[in-house]
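>>> using only what follows, build the 3D model:
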Amino acid sequence: MSQSVKRAARIIDSIAAQPKTVAQLAEEFELHRSTMFRELKTLEEVGYARRRQDGTYTLAFHLVSLAQASLENLDLRQASYSHVRQLHQLVGNTVHVAALVDDAIIYVDKVEDVSGVRMYSRIGAPVRPYCSAVGKAILADLDTARRDAILAGTTWKRYTDTTITTRRALNVELDAVAQQRWAVDNGEFEDFVNCVAVPIRTSAGVVGALSLTAIRMKHDLEQIKQHIPLLQRTAAQIARELG
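Now for the predicted structure:
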């Protein structure tokens, strides 16, 4: 991949995370402002970036529509859509669906907590597999070679006191997940958030995971664990939709 294409992709990732000005992006990428301005104008011309009234740049609707079209072509998102919303009506907490796509785990659907509390996750964004419940639920169902492929290049960053930071420790937890058939995120990425997840399995093997996430002050881990049977039933319904 050429350096210019790589840089354009990184700029898109940056403004997807947070709208930024030319000056902010120039500093982030160590470029002259005029060079960054030309990069952004090119992204504007192809419909991937747009300039807002406050002078910051963010994703353009064309790129968003392409991403949406890609998600809609994923069988798992289609199969889970109505089931996820029925589950959300029962529990009220944030519900995620993550899909195993080649050697990556991607969030493909999300329904936010009824209280309006928003989670960091975004539809279309990659999952941090070693410190997320959906990631561990999927990894536990894979053989060593597939795990290696998904975890290749992982930076074992400690986000909180409970973050797993080694492959050996992760393997121990995955053994337990495989036995109990559910996984947890015990404040491992954000210390005020807890999550439980179950795998979505078809006859072809694990294809994704379904999770329930809650703010710890509202519902602790033991409280959301009570919904595991409901999560498992919903995952089974989704799997049947997939055939």
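>>> so Phe189 touches Thr163, yeah?
Yes - contact criterion CB atoms under 8 Å: Phe189 and Thr163 qualify, at 7.2 Å. All C-beta atoms are positioned from the backbone trio N, CA, C, and that covers glycine.
>>> give the residues shared as contacts by these two.
With contacts defined as CB atoms under 8 Å, 6 or more residues apart in numbering, the residues adjacent to both Phe189 and Thr163 are Cys131.
>>> for Leu231, identify the helix or strand it belongs to.
Assigning secondary structure by DSSP states H and E places Leu231 in helix 228-242.
>>> tell me the buried residues in that helix?
Neighbour counts over helix 228-242 (16 or more other CB atoms under 10 Å) mark 228, 231-232, 234-235, 237-239, 241-242 as buried.
>>> wait, which of the residues you listed is closest to Val111?
Set against Val111, the nearest of these by CB to CB is Thr234 (12.2 Å).
>>> quick check: longest helix of the protein.
The longest helix of the chain (DSSP state H) is helix 75-91.
>>> by contact count, what packs against the very next helix or strand once past that one?
The first helix or strand that comes after helix 75-91 along the chain, using DSSP H and E, is strand 94-101. Contact here means 3 or more CB pairs under 8 Å, 6 or more residues apart in numbering; DSSP states H and E; on that basis strand 94-101 packs against helix 75-91, strand 104-111, helix 133-139, strand 193-202, strand 205-215.
>>> starting at the chain centroid, how far to the second one?
Put plainly, it is strand 104-111. What separates the centre of strand 104-111 from the centre of its chain is 5 Å, taken as CA atoms, centre = their mean, to the nearest Å.
>>> what angle separates it from strand 205-215?
50 degrees (axes from the mean of the first three to the mean of the last three CA atoms, to 10 degrees).
>>> for strand 104-111, buried residues please.
105-111.
>>> can I get the CA coordinates of that strand in PDB?
Taking Å, rounded to 0.1, in the frame of the first residue of the first chain, the C-alpha atoms of strand 104-111 are listed here in PDB:
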ATOM      1  CA  ALA A 104     -11.100  -9.500  12.700                       C
ATOM      2  CA  ILE A 105     -13.900  -9.000  15.100                       C
ATOM      3  CA  ILE A 106     -16.200  -6.100  14.200                       C
ATOM      4  CA  TYR A 107     -19.200  -4.400  16.000                       C
ATOM      5  CA  VAL A 108     -22.100  -4.800  13.500                       C
ATOM      6  CA  ASP A 109     -25.000  -3.700  15.600                       C
ATOM      7  CA  LYS A 110     -25.700  -1.800  18.800                       C
ATOM      8  CA  VAL A 111     -28.700  -0.600  20.700                       C
END
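>>> any residues touching it, and which ones?
Under CB under 8 Å, 6+ apart, the answer for strand 104-111 is 71, 74, 76-77, 80-81, 84-85, 88, 94-99, 119, 121-127, 129, 134-135, 138, 150, 208-209.
>>> domain parsing for the chain?
3-65, 74-242 (automatic domain parsing).
>>> which elements pack onto the helix holding Leu231?
helix 75-91, strand 193-202, strand 205-215.
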